[in-house]
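In: Mind folding the following:
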Amino acid sequence: MTSRDLSDIPPVHTPADLEAAWRRLVEPLGFGSRQIFAILLDRRGLVLPSIVNVTDCPAAPDGQMLVNLARSLRTVLDDIDPDGSCALLWARPTGAGSRASDITWIRAITAAMAMQSLADWPVHSADDSVLRVMSPDDLAGAAQAL
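Out: Residues are numbered from 1 along each chain as shown. Reported below is the predicted structural model:
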């Protein structure tokens, strides 16, 4: 991902706003490895000036890595705006997984974020050709993922 100016992203108040923000940040689609993107939003829905990008994620979720990520995001958000929120996107090259593996990863991500009260926004997923929001039906059972 190339460096992006996050200041020109409109405030995020709805799931549609969030999808539009992700599109501005990661399109054109194309990923060199499995990765997680996280953006922090202040209480007004403004995207804060940094994006977290964890690259080279393993094929299967690493629960401890996700717990550590969630704790780190919570700490940063508490320092900047305790009433803010966090949004995440799981991305991978098209040939580096399947829809089933995406769901497994997103369930694990959602469970880790929920432990830090960071599960306010739906997690999105992307491969080299499609960006989508994960539905609640996809995530049923997220609490058992870790």
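In: Can you tell me the centre-most residue of the chain?
Out: Centroid check for the chain by C-alpha atoms, centre = their mean gives residue 88 as the closest residue, at 1.2 Å.
In: Am I right that that one is in a strand?
Out: Yes: under DSSP: H, G, I helix; E, B strand; the rest coil, residue 88 sits within a strand.
In: Does it touch residue 35 like I think?
Out: No: with contact defined as C-beta atoms under 8 Å, residue 88 does not count as touching residue 35 (10.7 Å). For glycine as for every other residue, the C-beta is placed from the backbone atoms N, C-alpha and C.
In: Now stretch 107-115: average pLDDT?
Out: Taken as a whole, stretch 107-115 has a mean pLDDT of 94.
In: quick one: the strands in the protein?
Out: In the chain, the strands defined using DSSP state E lie at 35-41, 47-54, 85-91, 124-126, 131-133.
In: Comparing these, which yields the minimum mean pLDDT?
Out: Looking at those, the bottom one is strand 47-54 with a mean of 92.
In: strands paired with that one, and their directions?
Out: The pairing partners recorded for strand 47-54 under DSSP bridges are strand 35-41 (antiparallel).
In: what angle do the partner strand and strand 85-91 make?
Out: 160 degrees (axes from the mean of the first three to the mean of the last three C-alpha atoms, to 10 degrees).
In: Buried residues of strand 35-41, list them for me.
Out: Within strand 35-41, the residues scored as buried using 16 or more other C-beta atoms under 10 Å are 35-41.
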